[in-house]
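Student: Provide a 3D model corresponding to the input given below.
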Amino acid sequence: MPVSLLPALELSLDLLCCPTCRTRHLHPDRGALRCPVGHTFDIARHGYAGLLTGTRATSGDDAAMVRARDRFLSTGAYAPIRKAGARLAAGAVSEQATVVDVGCGTGYYLAGVLDQLPGARGLGLDTSARALRSAARAHDRAAAVAWDVFRPFPLADGVADVVLDVFAPRNPAEFHRVLRPTGRLIVVRPTARHLAELRGRLPATVTIDPAKEQRLHRALDPFFEAAVTEQVEYPATLTRLDARDLVAMTPSARHVSRADLNDDGSLPGQVTVSVLATAYQPR
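Tutor: As a prediction, this is how the structure comes out:
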């Protein structure tokens, strides 16, 4: 039985182009998307479109990471980060905006932006099939597509009013290409103080490069200039399960032993959440 097209995905088809031949106007055809040339891409029964071709990306979140992320984000511990991203987006574009979330994960941050822009539509890109199952249903105006941020996006030029990048890899040239000249790129990244208590207790967790800001500036500067930056920093109280999920939802989960996660003394009851959120305008 053909998979039905979710309304949000149907409303996003005009943004997409065929990743194989770059032609516009993908159209639904018996549970798939097809381009005018005939290239065909499956629509998963969970509602997202699988546009990835060739060798699949291997860095996407697995099922355990996605479950941990869902549980942790549902506590509201990162709600101020979500609000900051949504505030920057809402302050820069109209309510009828098109928002593209690159490395969208489960769609948590994209949904926050759409809540602040009642007439906007969203499209999330991610490599993780497990995360995309959630992203496709994170908001009734959000669609989801399987894609690798390091490849040219399956999007037409100048279709986005906002490109959202929260704790995700970046592709500045593609961000610039798909943004309208009046659009905004919103990048949220950790400071050196982010989760410092966790890294102090679990040395195997992934560290934050002290030159991260300089590298970000060098990468973005040819394409964007910063318009406004907000620092979001606050203490977050964690239960033991929260702390375990916080580790398990990140790449650090691959480096921390199960014994450490089960050791109450290894997990802090409070961490510092510290991020920078910047809205950039295209050059």
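
Student: How far off centre is the helix or strand hosting A64?
Tutor: Using DSSP states H and E, A64 sits in helix 63-74. The chain centre lies 14 Å from the centre of helix 63-74; the measure is CA atoms, centre = their mean, to the nearest Å.

Student: buried ones in that helix?
Tutor: M65, V66, R67, A68, R69, D70, R71, F72, L73 (16 or more other CB atoms under 10 Å). Any C-beta I mention is one placed from the backbone N, CA and C, and that applies to glycine too.

Student: Would you tell me which one of those residues comes nearest to P28?
Tutor: Minimum distance to P28 across the buried residues of helix 63-74 is 26.6 Å, recorded for V66 (CB to CB).

Student: roughly how far apart are the closest residue in space to the closest one that isn't next to it in sequence and R69?
Tutor: Setting aside the residues directly before and after it, V66 is nearest to R130 in space (CB to CB, 6 or more residues apart in numbering), at 4.3 Å. Using CB to CB, to the nearest Å, R130 is found at 10 Å from R69.

Student: Common neighbours of the two, please.
Tutor: D61 (CB atoms under 8 Å, 6 or more residues apart in numbering).

Student: pLDDT below threshold where in the chain?
Tutor: 1-4, 55-60, 203-206, 253-255, 257-265 (pLDDT under 70).

Student: OK, contacts around the most centrally placed residue in it?
Tutor: Nearest to the mean C-alpha position of the chain, by CA atoms, centre = their mean, lies C104 at 2.2 Å. C104 makes contacts with L110, G124, L125, D126, A131, A135, A144, L164, A168, as judged by CB under 8 Å, 6+ apart.

Student: how about the nearest residue to it once chain neighbours are set aside, what does it touch?
Tutor: Among residues not flanking C104 along the chain, G124 sits closest, at 3.0 Å (CB to CB, 6+ apart). Residues near G124 by CB under 8 Å, 6+ apart: 100-101, 104-105, 107, 110, 132, 135, 138, 142-145.
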